[in-house]
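Peer 1: give the three-dimensional model of this entry:
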Amino acid sequence: MRGFVIMKMKKRTIIDPDNPPLTDAQLRSMRRVTPEEHARFRQAYINTFGKEPPMRGRPAKAPHLKYRDIHLKLHPKALAWARMQAKRRGIGYQTLINEILLRHAA
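Peer 2: Down below sits the predicted model:
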């Protein structure tokens with residue numbers, strides 16, 4: 001594939017002695033929480049704390065702040081420069097390009 005760079009990520013295995021990996025038998029015995037169990041948990045939370053359980057997950061962004069996917073053609077030298085600068089700063093090259101464009105848009 002010409003023009004593509006395939007990066008391989010190192011897989012890090014962290015073993016916590018206080019939290020060992022689950023055995024195959026433990027994994028096989030797992031099951032999903034039923035809707036009834038979920039409702040009982042929610043009601044127990046409300047009874048205990050007097051309020052609704054907190055929302056889970058990342059909050060949705062406002063529509064005017066959402067990023068849009070686009071296709072952009074850049075000169076290879078410009079892309080190489082952006083990747084080099086981004087690597088030096090420890091950020092993604094698309095983030096760097098976005099920051100530069102936002103700085104000049106204001």
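Peer 1: give me the most central residue, the chain.
Peer 2: The centre of the chain sits closest to residue 58, judged by Cα atoms, centre = their mean, with a distance of 9.3 Å.
Peer 1: wait, a strand at that residue?
Peer 2: No: secondary structure of residue 58 (DSSP: H, G, I helix; E, B strand; the rest coil): coil, not part of a strand.
Peer 1: do you know how far it is from residue 68?
Peer 2: According to Cβ to Cβ, to the nearest Å, residue 58 and residue 68 sit 18 Å apart. No exception for glycine: its C-beta is placed from N, CA and C like everyone else's.
Peer 1: what's around the nearest residue to residue 53 once chain neighbours are set aside, how many residues?
Peer 2: Once flanking residues are discounted, residue 53 sits nearest to residue 45: 4.7 Å by Cβ to Cβ, 6 or more residues apart in numbering. Neighbourhood size, residue 45 [other Cβ atoms under 10 Å]: 14.
Peer 1: same check, this time on residue 96
Peer 2: Residue 96: 19 surrounding residues under other Cβ under 10 Å.
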